[in-house]
Each structure stands twice: as C-alpha cells, then as structure tokens.
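Student: Here is a sequence together with a model predicted from it:
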Amino acid sequence: MSDFNEIFKTADWKQEKHVPVIDSPGTVAAGEVFQVTVGVGKEIAHPNTTPHHIRWVTLFFQPEGEKFPFQIGKAEFSAHGESVEGPDTSTVYTHHSATFSLKTEKAGTIFAASFCNIHGLWQNSKAISVE
C-alpha cells in the first residue's frame with residue numbers, strides 16, 4: 001500500500017502536460033490581496049475530451065513556521081464535450097485554469113494539485129516571500 005504522498009506525481013511542467021502551473025508573483029506585500037492562477041498544460045496542451053480531461057485543480061498555502069496549509073480554493077471543470085448525443089459531440093469545453101485571490105502576512109509556499117481522469121494526481125509548489 002502506498003502513502004498518500006507517493007500517489008502525487010511531479011515533473012518539469014515545461015515537458016509534462018499534467019503538472020499544475022502556478023502563475024503568481026514571487027514577492028507580495030504583507031496583507032494585500034494578490035492573485036494566483038493555476039492551469040494545466042501551459043507549454044504542452046492537455047487534452048480536454050470526454051474520455052481524457054482535467055477534472056479539478058486545488059490550491060493551498062502554507063505560511064512559514066505553521067504546521068498545516070490552508071486550502072485557498074478548488075475549481076472543478078465539468079464540460080468536456082459530452083452531450084446526450086455522446087462523447088465529444090458538444091461544442092462546450094471547459095478550459096482547465098482558475099484564478100484565486102488571497103492575502104497573507106507571512107511568507108510561505110503555494111501548493112497546487114490537479115487531477116487527470118486517466119493519469120491521476122499531480123502537484124507543484126512555489127515559494128512566496130512577503131515584504
């Protein structure tokens with residue numbers, strides 16, 4: 001049996017279409033709201049079809065020196081071309097990207113996770129400093 005942390009995969013996001021890409025400033029002002037966009041497949045597009053798609057991304061922030069992270073938010077992607085006519089017959093496809101807003105008084109680490117319905121769980125992280 002695997003540990004939970006062993007089922008999350010990582011890779012260089014420039015070569016892998018499943019790793020969540022974190023787009024945010026590296027330094028933020030203490031107590032001021034900033035935005036973090038999480039997407040999947042920035043350099044290599046991830047398919048978004050009925051049989052193969054990203055279901056969700058979620059974002060956490062762990063302030064330095066604190067024991068647990070805080071969940072900032074989760075975005076679920078529901079339209080993958082399916083319709084009553086069958087797979088990939090709709091003209092509606094969700095783009096697997098979401099923007100979250102948050103503020104912090106402490107530096108820390110942003111953690112993002114994504115879930116591909118075929119290739120499982122993927123993760124990435126980015127350090128944030130506070131001035």
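Tutor: Great, that's in hand.
Student: so how far is stretch 36-47 from its chain's centroid?
Tutor: The chain centre lies 9 Å from the centre of stretch 36-47; the measure is CA atoms, centre = their mean, to the nearest Å.
Student: again, but for stretch 73-91
Tutor: 19 Å.
Student: Low-confidence stretches in this protein?
Tutor: Within the chain, the segments meeting pLDDT under 70 span 1-2, 12-16.
Student: The residue nearest the centre of the chain and residue 92: what is the separation?
Tutor: In the chain, the C-alpha nearest the mean C-alpha coordinate belongs to residue 57, at 3.9 Å (CA atoms, centre = their mean). Going from residue 57 to residue 92 by CB to CB, to the nearest Å gives 19 Å. Where you see a C-beta, it was placed from the backbone N, CA and C, and this is true even at glycine.
Student: Can you get me a residue count around the closest residue to residue 82 other than its chain neighbours?
Tutor: Nearest non-adjacent residue to residue 82, counting by CB to CB, 6 or more residues apart in numbering: residue 50, 4.4 Å away. Using other CB atoms under 10 Å, residue 50 has 17 neighbouring residues.
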